[in-house]
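Asks: Okay, here's the prediction I keep looking at, along with the sequence it came from:
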Amino acid sequence: HGIVIVHDNPYSFILNPDPMSILSVPGAKDIAIELNSLSKSHNMPGWRVGVAISNPTFISWILRIKSNIDSGQFKPLMLAAAKALEEGKEWHDGLNKAYSSRRAIAERIMTALGCSFDPSQSGLFLWGRITDPDVSSEQLADRMLAEARVFITPGFIFGHNGDRYIRISLCAPDDKLIEALHRIESAMQKQ
């Protein structure tokens, strides 16, 4: 239909046993560009190391704009990224084992907060729906910050459709998530 599909795929390796690329579909390189980033897959957030994959025409469009935005990466960052890309499946399996453990704790936090969630979510965050119709994401986040001293990301910051949701990051270590869980359970019992 004369459109280009841009598939942003940074979470494809996180808690996903079968990472997929849109470019694995026959003919996709004729209509799609896939973006990925070492920020999520290799724990290099903020380093701004990523990739755009497609056909030469689409890549030339990107390079026309990209070359005017910046002039390249700092060489040590590029070398670190190249080293990170040498890691194999075992490294990702170990990382996903840690995320899986954190995910189980995050699910317990969502339950303690009275939120529902889709257990099939993948990625670095667990999204939960606030089931109490009288409580907004801002109110819940503010309450947990004040009473439990735990910051939970309120969904409203992502737009008005997020107001009934909260987000928990899986980037904190298990012991910090367990501490947050206990603080939240204690705060919720005071209702």
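Replies: Here it is on my side, so go on. A quick note: this is a predicted structure, and the numbers were derived from the prediction, not measured.
Asks: Look up the closest residue to the residue most central in space within the chain, ignoring the ones flanking it.
Replies: Nearest residue to the geometric centre of the chain (C-alpha atoms, centre = their mean): Leu124, 3.9 Å. Nearest-residue entry for Leu124: Leu170, 5.2 Å, with adjacent residues in sequence omitted and distances by C-beta to C-beta, 6 or more residues apart in numbering. In short, each C-beta sits where N, CA and C put it, glycine included.
Asks: residues contacting the one you found?
Replies: Tyr99, Arg102, Arg103, Ala106, Leu124, Phe125, Leu126 (C-beta atoms under 8 Å, 6 or more residues apart in numbering).
Asks: What residues does the residue nearest to the centre of the chain make contact with?
Replies: By C-beta under 8 Å, 6+ apart, Leu124 lies in contact with Tyr11, Ile14, Lys40, Tyr99, Ser169, Leu170, Cys171.
Asks: And those, which is closest to Ala80?
Replies: Minimum distance to Ala80 across the contacts of Leu124 is 15.7 Å, recorded for Lys40 (C-beta to C-beta).
Asks: Could you chop this structure up by domain?
Replies: Listed domain ranges for the chain are 5-84, 89-189 (source: automatic domain parsing).
Asks: Most tightly packed of these?
Replies: domain 89-189 (a mean of 16; mean count of other C-beta atoms under 10 Å).
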